[in-house]
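> Here is my input; please provide its structure:
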Amino acid sequence: MVDMITVLAPGVATTVQDLPGRSGLWGVGVPPSGAWDDVSFAAANRAVGNQPGAAGLEAVVRGPRLRFGAPTVVCVAGAAGAAILDGVALPVGTPVPVRPDQVLDLGPVRGPGLRGYVAVAGGLAVPVVLGSRSTFLLGGFGGLDGRALRAGDVLPIGGAVDGAVDGEPTDVRVLLPELTDDWTIRVIAGPHGAPEYLTEDGMAALFDAEWRLDHRCDRTGLRLVGPAPRWSRADGGEAGLHPSNIHDSPYPVGGVMLSGGTPVIVGPDGPSLGGFVVPAVVVRADRWKLGQCRPGDRIRLVPVSPDDAPPAAPGRPTIAVSHRPDPLVALPADSERPALTVRRAGDHHVLVEAGPPRLDLAVRLRVHLLARELAVTATNGLLESVEGVRSLLLEADPARLPLPVLAETVAAAWVGLPPLDAVELPVRRVTMPIAFDDPSVHEAMSRYAERVRPDAPWCPDNVEFIRRVNGLDRRADVFDVLRAATYLVVGLGDVYLGAPVAVPLDPAHRLVTTKYDPPRTWTPANAVGIGGVYLCVYGMAGPGGYQLVGRTVPVWRDPSATAPGEPPWLLRPFDLLEFRPVGPDELRAVRAEIAAGRAGLDTRPATLGLAELIAAAGPDTSGFTARREAAYAAERDRWAMAAAVTR
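Numbers count the residues shown, from 1 in each chain. Take a look at the predicted model:
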């Protein structure tokens, strides 16, 4: 008989988590999840004799009340300073035997710190989904039915047979980190920085500022409140109207991305791909602190050299280094290939960037070929590979694959790639139904206008905004362009779970716009939007910034409903997408069939070569581009004038 724990009261956002969470799926938009304060979580597991990564509970602000159905050993950790067992105080970091029918109340998390943890001998034996027991709330999978705990839930306890038990209980109070409301968080500057994106003074200001944690924070990311970024450019070009916009590039967990004017630190449930500058990355040893920051806490980002990224030795000071480290590799362009740089993105990742910062589908093909080659040649220590438009993020285990060695491996693979005219990719043509002006996307626009930013240039109608900034005559012209275009999928996971980011093959179909600033707090699942020159299908409901035009069918299935060996994501890099307009009622019926697994996407095999990627522009391209650029410049001037008036 399996031993059980009954949830009497769930607390706030209490979820099952483990360590290290999911691995190897960042490239399709599946985040690692896992316990955010991994130091406290691993210590609690050690206290009860578990392996460090055994599944336990993470609670925010207020912990759960739990009744135990069998004798076991528990330990609380993190900010769980008010925990009691049958009314008796339960000190953090101390293993305590529990008898049947005893009740553990994790209590309120009053601070300092925000998250409390519960470890149980044997771990929690919830099902493994995509390689982990961790809950991904936005995706609705992992943990207990993919959700936070509810009153009446029953949690099974594992044991030696589950591989969780590793030793004897031990007191771990000396291992627990100190909590505070005034945080010093070490970062490595870059991969982006001055002078390409920010001014030198702007980079220095990022590290000189005392930031406050905004109340709009969760496991996807932490928003910081402080001085506005100081940009070295007026806009992001075809990547978007705002200077923070770049061609979609991967993010590491702990990356400090500048979302418009707001720094956001990517959390363990954050996005893997997006279109914002990342001027710094939190070092791995300090990421636990992000999980314990409370709204209103003070935060300083302290840049360090890569050599000082691991925990400093006793008595050894951490040396602040505000400039970006030099690239690990910088290969100049030649007659065969574009330039290549490999920069550190923190202490466990490198960001590879190819060519100048503009859309070039031949460069995108080279990045894809590079990723395929590294998957074969750099297997010992390479943990994640995420493709962007002109970039590639690689995560490594530095003990097995030091970042300088990885960079040299990248350089060797780059110069060894075959000539592009000899490459032909097997791809698919995918026809997807779309309901333009679907009621759900207008609901998202209305919510934003009412609750977030009513004076935004894209309110009240995103499609009208797209028409204006592209110089089109009629609102319906936006839909005509979308209907005529063939889109190339250049990335997966832009907004989670296999969500495609795609670009029209024909430059005459490349509508350009900008992303919301600040972003929406809600977007319906499978909404279709445009940001910069890119189109995206949202894989799930959640925040977002693309200008919305309609809704389509799911691009992700529930992992528990897929056949063995079949991935839950339905699209692939370099798929060719075309849209077929339908009404909202027909779309609703098709969506239900695909979600239930009774139908799939409409696909046909095809091949794709260099000629299709760099096909000569059609006769309408120059006129379309000229109108678009003039309208784009006029919109930028309107923004500048409005900003001057409000100063």
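> how about the residue nearest to the spatial centre of the chain, secondary structure?
Most central in the chain under CA atoms, centre = their mean is residue 271, positioned 1.2 Å from the mean C-alpha point. Assigned with DSSP: H, G, I helix; E, B strand; the rest coil, residue 271 falls in the coil class.
> so where's the protein uncertain?
1, 160-166, 308-322, 615-619, 643-647 (pLDDT under 70).
> and the lengthiest strand in it, what does it pack onto?
In the chain, assigned by DSSP state E, the strand with the most residues is strand 424-436. Strand 424-436 is packed against helix 475-484, strand 547-551, strand 576-581, helix 584-595, strand 602-609, with contacts defined by 3 or more CB pairs under 8 Å, 6 or more residues apart in numbering; DSSP states H and E. From N, CA and C alone the C-beta is placed, and that goes for glycine too.
> what about these, which gets the closest to residue 633?
Of all the helices and strands packed on strand 424-436, strand 547-551 sits nearest to residue 633, with 18.2 Å by CB to CB.
> Partner strands of that closest one, with direction?
Strand 547-551 pairs in its sheet with strand 424-436 (antiparallel), strand 527-531 (antiparallel), by DSSP bridges.
> what lines up beside the helix or strand just after the shortest one in the sheet?
The one in question is strand 527-531. Counting by DSSP states H and E, the next helix or strand C-terminal to strand 527-531 is strand 534-537. As defined by DSSP bridges, the strand partners of strand 534-537 come to strand 500-504 (antiparallel), strand 527-531 (antiparallel).
> so which of the helices and strands packed on strand 424-436 is the most packed in?
strand 547-551 (a mean of 26; mean count of other CB atoms under 10 Å).
> Output that one as CSV, nothing but the C-alphas.
The C-alpha coordinates for strand 547-551 follow below in CSV (Å, rounded to 0.1, in the frame of the first residue of the first chain):
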residue,chain,number,x,y,z
GLN,A,547,0.1,42.5,-32.2
LEU,A,548,-2.9,40.1,-32.5
VAL,A,549,-4.7,39.3,-35.9
GLY,A,550,-6.6,36.1,-35.2
ARG,A,551,-6.6,32.6,-33.8
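> Just the angle for that strand relative to strand 576-581, thanks.
Inter-element angle recorded for strand 547-551 and strand 576-581: 70 degrees (by axes from the mean of the first three to the mean of the last three CA atoms, to 10 degrees).
> The strands paired with strand 547-551 into JSON lines, with extra columns for distance to residue 329?
Shown next, in JSON lines, are the strands paired with strand 547-551 (distance: least, CB to CB, whole Å):
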{"stretch": "strand 424-436", "distance to residue 329": "26"}
{"stretch": "strand 527-531", "distance to residue 329": "30"}
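> quick revisit: columns mean neighbour count on top of the strands paired with strand 534-537, output as JSON lines?
Listed next are the strands paired with strand 534-537 as JSON lines, based on neighbours: other CB atoms under 10 Å:
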{"stretch": "strand 500-504", "mean neighbour count": "24"}
{"stretch": "strand 527-531", "mean neighbour count": "25"}
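> Adding distance to residue 479, write those out as JSON lines.
Shown next, in JSON lines, are the strands paired with strand 534-537 (distance: least, CB to CB, whole Å):
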{"stretch": "strand 500-504", "distance to residue 479": "14"}
{"stretch": "strand 527-531", "distance to residue 479": "11"}
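> For residue 572, find the nearest of those strands.
strand 500-504 (9.0 Å).
> Helices of the chain, residue ranges please.
38-47, 200-208, 287-292, 361-377, 403-415, 439-451, 462-469, 475-484, 584-595, 610-613, 621-646 (DSSP state H).
> Kindly tell me how buried the spatially closest residue to residue 613 that is not a sequence neighbour is, as a neighbour count.
Spatial nearest neighbour of residue 613, excluding adjacent residues (CB to CB, 6 or more residues apart in numbering): residue 361 at 4.0 Å. For residue 361, the neighbour count with other CB atoms under 10 Å is 20.
> Check residue 332 too.
When neighbours are counted by other CB under 10 Å, residue 332 comes out with 8.
> pretty sure it contacts residue 338?
No. Checked against CB atoms under 8 Å, the pair residue 332 and residue 338 is beyond contact range at 9.4 Å.
> what's in contact with stretch 402-421?
306, 328-329, 331, 336-337, 340, 342, 344, 347-350, 352, 362, 365-366, 369-370, 373-374, 377-378, 381-382, 394, 396, 609-610 (CB atoms under 8 Å, 6 or more residues apart in numbering).
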